[in-house]
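S.K.: Would you be able to build a 3D model of this:
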Amino acid sequence: MSMLQKINAFWKENPILRKLARNFGYLFSSNMISAGLSMLQGIFSARLLGVSGFGTLGTITIFVTVINKITSFRMGELVIKYVGQFNENNDQPRASAVFKAAALSELIASLVAFGLICLVAPLGALYFAKDVSLAPWFVVYGGIILANLMAESSTGLLQVFDRFRRMAGLNVVQSVVTLGLILLAWWQNTGLLGVLVAYLSGKAISAVGLTLAALVEANRRWGSGWWKVSIRSLRPQARELVK
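M.R.: This is a model prediction of the structure:
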């Protein structure tokens, strides 16, 4: 056999390799499209806000992102590991219990993060943006955390069940919506609030879309009553789960 024939035969005999390549293609394509649209978002945001305003925008978004990361417990990784493990063992009740526990934990952490942003927003505006009157905008953009109540857990579940196409699609939709709203803000000259709303809306659409897609997938895999499963069934793995 020629080298090309060997490669073709190897490709046909390895469905896992084909799946990996397909998923990589989805994510790579969506990331490339999003990167291009993000560049346009930055250009029009900078033109609308100017150097000082664009710096303020960066301060607000980074501040909220850091607060969110502080309270994040990386529930997506837990879901990928343990839902995948229990699903492989055909232990559907405990697979759904892991997702339920992760989603509830993430929900609580997100509420804590939003409360923390509301509490420290005046300090962030004073010491980082150098203008305490901007504190409400920190809280406005902090609303993205409420949209992301269980986005990490949802992303993990969609990855476990090979729903990369949906994630890629939502990533592109987020970028398109954000760019569209930024162009509208630039056209209407709405200033910082318009740009913040644009970024907030795009991210919220992505986060809510991921959550809804994950809930639909959970219903399809485990039935509509999956959320009633008791988390107590995870007690034997409790120590391992919280590591």
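
S.K.: What is the subsequent helix or strand relative to the helix or strand of the chain with the lowest mean pLDDT?
M.R.: Within the chain, judged by mean pLDDT, DSSP states H and E, the helix or strand with the poorest mean is helix 3-12; its value is a mean of 58. Using DSSP states H and E, the helix or strand that directly follows helix 3-12 along the chain is helix 15-70.

S.K.: Could you list every helix and strand in contact with that next one?
M.R.: helix 3-12, helix 92-127, helix 135-147, helix 164-188, helix 191-222 (3 or more C-beta pairs under 8 Å, 6 or more residues apart in numbering; DSSP states H and E). All C-beta spots, glycine's among them, are computed from the backbone N, C-alpha and C.

S.K.: Show me the shaky parts of this protein.
M.R.: Where the chain drops to pLDDT under 70, the residues are 1-17, 238, 241-243.

S.K.: Give me the secondary structure label for the residue found closest to Gly76 once you drop the neighbours it is linked to in the chain.
M.R.: Nearest residue to Gly76, sequence neighbours excluded (C-beta to C-beta, 6 or more residues apart in numbering): Gly156, at 3.6 Å. At Gly156 the chain is in helix, as set by DSSP: H, G, I helix; E, B strand; the rest coil.

S.K.: Can you give me the distance of Gly156 to Ala97?
M.R.: 14 Å (C-beta to C-beta, to the nearest Å).

S.K.: Which one of those two is surrounded by more residues?
M.R.: Between Gly156 and Ala97, Gly156 has the larger neighbour count (other C-beta atoms under 10 Å), namely 28 against 24.

S.K.: Just confirm the more buried one contacts Ile80, I think it does.
M.R.: Yes - look at Gly156 against Ile80 with C-beta atoms under 8 Å: they come within range, at 4.6 Å.

S.K.: Could I get the contacting residues of Phe164?
M.R.: Taking C-beta atoms under 8 Å, 6 or more residues apart in numbering, we find Phe164 in contact with 22-23, 26-27, 158.

S.K.: wait, Met167
M.R.: Listed by C-beta under 8 Å, 6+ apart, the contact partners of Met167 are 26-27, 30, 155, 158-159, 210, 213.

S.K.: Can you give me the distance of it to Arg235?
M.R.: Using C-beta to C-beta, one obtains 32 Å as the distance from Met167 to Arg235.

S.K.: Val139 now?
M.R.: Taking C-beta to C-beta, one finds Val139 at 39 Å from Arg235.

S.K.: neighbour count winner among those two?
M.R.: Using other C-beta under 10 Å as the criterion, Val139 and Arg235 rank with Val139 on top: 18 against 10.

S.K.: any idea what sits nearest the more buried one, other than its immediate chain neighbours?
M.R.: Distances taken as C-beta to C-beta, 6+ apart place Ala121 nearest to Val139, at 5.2 Å, with adjacent residues excluded.

S.K.: Find the residue closest to Gln159 in space, skipping its chain neighbours.
M.R.: Closest residue to Gln159 apart from its sequence neighbours, by C-beta to C-beta, 6+ apart: Ile80 at 5.7 Å.

S.K.: hang on, I meant Arg74
M.R.: Nearest non-adjacent residue to Arg74, counting by C-beta to C-beta, 6+ apart: Glu152, 6.8 Å away.
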